[in-house]
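> fold the following and give me the result.
(one chain, ligands or ions: 2)
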Amino acid sequence: MSFAPDITEQLARARADLRMGVPVVLAGEGQAALVMAAETLTAQRLADVLALGGAPVLAITARRAETLKARAYDGSLARVLLPPGATPAWVQSIADPADDLRAPMKGPLQTARGGDTAAHSAALDLVKAARMLPAALVLDLPQGADFARQYGLTLIDLTAAAPILARRSALHPVVNARLPMEVSEAGRLHIFRPEDGGEEHYAIEIGRPARNTPVLCRLHSACFTGDLMGSLKCDCGPQLRAALAQMGGEGNGVLLYLNQEGRGIGLANKMRAYSLQDQGFDTVEANHRLGFEDDERDFRLGADILRSMGFSAVRLLTNNPRKVGMMEQSGISVVERVPLAVGENRHNSAYLATKAAKSGHLL
Ligand SMILES: Nc1nc2c(ncn2[C@@H]2O[C@H](COP(=O)(O)OP(=O)(O)OP(=O)(O)O)[C@@H](O)[C@H]2O)c(=O)[nH]1
Ligand SMILES: [Zn+2]
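Ligands and ions are numbered 1, 2, ... in the order given. A predicted model of the protein is given here:
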């Protein structure tokens, strides 16, 4: 029978549960843990977790730990011990840097050392993929499987989940249809859907580019503020329109519109980063204070889409050398990097300068 959800489907459920504030149970070899996203943790559920006894920890990334001056003994993550009588406000203050400057003295924070961190690491993967703050409350629960059955919680087998969490999901073409556009009447929109229940991605094909010659291509990451609202804080809107205009002018091209808002952290987290930028941090520092890397995107899915459309070589419209590198590593040859320097203004000049200085962007 194929009615029971497989591990990929269970992980999609777990992400949805965590976003709603529902706990999930992650079970490994001989151990299990109850996990909740810090961002959606309610006072009632925190009280219930504390009433279970044991020693819950707040798993955060090593990036966030750096800002909080907490020792990260576990490589890319740290397990902060909850102080006696921990409140939801305390959990929020560790997870969310919004008030770091107003209330800088949170510590000294005690962090756990030794023991198994598989559940903590998977918990952070799940809350990140659910586009929340990268912080999760984790309580070791030896009878976790029974507990999950008793309360109807999603139960994830960590051994089965590990390979799924480590690789990117396969993308499948869903549909494509003609889309006359201002830049070209010969437009076509293709929709691609991942197997893991995540965001769909799009390809805009202009004209009917030959599959056996390098195609003019743009890998564009979603930017609601820049693409749609005319935000002056970045250069995304002008880059999107310039790329489409160039493809329309040449009569051929492919623009991949990847739903990786905020360099892969989601729009809510990007707005948290904007708020930190208003406190004086640059775009890279803001990501780090939130607990993210500068850039959480995986451009290899762009290569997957190109391959599935039959392309193997591109002339890539970008100023970002990482995009070129990731295309090449994924077997799409970049025969030319076509610069795309448009849209500088007095609100985004510092942002563009930071990208050049810290992220290697070519201007
Ligand atoms: N986290 C974060 N994301 C931002 C910020 N400003 C813009 N973005 C996001 O950055 C992404 C911009 O991506 P791209 O247009 O591909 O830009 P790029 O990596 O600079 O590369 P090229 O434009 O190709 O040179 C979009 O997903 C935006 O939402 C910011 O301050 N913080
Ligand atoms: Zn933007």
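> contacts and neighbour counts: CA atoms only from here.
Noted.
> buried ones in stretch 129-147, by neighbour count?
129-141, 144-145, 147 (16 or more other C-alpha atoms under 10 Å).
> domain parsing for this protein?
Domain assignment for the chain by the TED database gives 7-164, 171-260+297-359.
> what would those look like in TSV with mean pLDDT and distance to Asp282?
Formatted as TSV, these follow (pLDDT from 0 to 100; distance: least, C-alpha to C-alpha, whole Å):
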stretch	mean pLDDT	distance to Asp282
domain 7-164	95	14
domain 171-260+297-359	95	7
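> how about the residues of the stretch 151-300 of the chain near ligand 2?
With the criterion set to C-alpha under 5 Å from the ion, the stretch 151-300 of the chain comes near ligand 2 through Cys223, Gly226, Cys234, Cys236.
> for the residues you listed, which single residue is the most surrounded?
When neighbours are taken as other C-alpha atoms under 10 Å, the top entry among those is Cys223 (25 neighbours).
> quick check: Leu232 touching His347?
Yes: Leu232 is in contact with His347 according to C-alpha atoms under 8 Å; the separation is 5.9 Å.
> which of those two has more neighbours?
Legend: neighbour count by other C-alpha under 10 Å for Leu232 and His347, higher for Leu232 (18 against 12).
> contacting residues around that one?
Contacts for Leu232 (C-alpha atoms under 8 Å, 6 or more residues apart in numbering) come out as Gly226, Asn345, His347, Asn348.
> at 10 Å instead, please
Listed by C-alpha atoms under 10 Å, 6 or more residues apart in numbering, the contact set of Leu232 reads Thr225, Gly226, Pro238, Gly343, Glu344, Asn345, Arg346, His347, Asn348, Ser349.
> ok so it is a strand residue?
No: assignment of Leu232 by DSSP: H, G, I helix; E, B strand; the rest coil gives coil, placing it outside any strand.
> what ranges does the stretch 1-150 of the chain have for its strands?
24-28, 31-37, 57-61, 77-81, 135-140 (DSSP state E, counting those that start in this stretch).
> how about JSON lines for those strands, with distance to ligand 1 added?
Shown next, in JSON lines, are those (distance: least, C-alpha to the nearest ligand atom, whole Å):
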{"stretch": "strand 24-28", "distance to ligand 1": "28"}
{"stretch": "strand 31-37", "distance to ligand 1": "20"}
{"stretch": "strand 57-61", "distance to ligand 1": "16"}
{"stretch": "strand 77-81", "distance to ligand 1": "20"}
{"stretch": "strand 135-140", "distance to ligand 1": "17"}
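> turn the ones you listed into TSV, columns for distance to Arg178.
Below are those laid out as TSV (distance: least, C-alpha to C-alpha, whole Å):
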stretch	distance to Arg178
strand 24-28	43
strand 31-37	42
strand 57-61	44
strand 77-81	47
strand 135-140	43
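> redo the ones you listed as a markdown table? Include distance to ligand 2.
Shown next, in a markdown table, are the strands of the stretch 1-150 of the chain (distance: least, C-alpha to the ion, whole Å):
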| stretch | distance to ligand 2 |
| --- | --- |
| strand 24-28 | 34 |
| strand 31-37 | 27 |
| strand 57-61 | 25 |
| strand 77-81 | 29 |
| strand 135-140 | 25 |
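> can you tell which of these is closest to Leu50?
With C-alpha to C-alpha as the measure, strand 135-140 is the member of these nearest Leu50 (9.2 Å).
> show me what the closest one pairs with in its sheet, parallel or antiparallel.
In the sheet, strand 135-140 lines up against strand 31-37 (antiparallel), strand 57-61 (antiparallel) (DSSP bridges).
> that older thread, of the strands of the stretch 1-150 of the chain, which approaches Leu316 most closely?
Leu316 lies closest to strand 57-61 among those, at 33.1 Å (C-alpha to C-alpha).
> put the alpha carbons of the closest one into CSV.
Taking Å, rounded to 0.1, in the frame of the first residue of the first chain, the C-alpha atoms of strand 57-61 are listed here in CSV:
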residue,chain,number,x,y,z
VAL,A,57,18.1,23.6,24.8
LEU,A,58,17.7,26.3,22.2
ALA,A,59,19.6,25.2,19.1
ILE,A,60,21.0,28.2,17.2
THR,A,61,23.5,28.5,14.4
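> residues in contact with Leu276?
Counting by C-alpha under 10 Å, 6+ apart, Leu276 makes contact with 97-101, 270, 282-283, 285-287, 289-290.
> for it, grab phi and psi.
phi -70, psi -30 (degrees, to the nearest 10).
> what of the one 4 residues further on?
The phi and psi torsions at Gly280 (degrees, to the nearest 10) take the values phi 110, psi 0.
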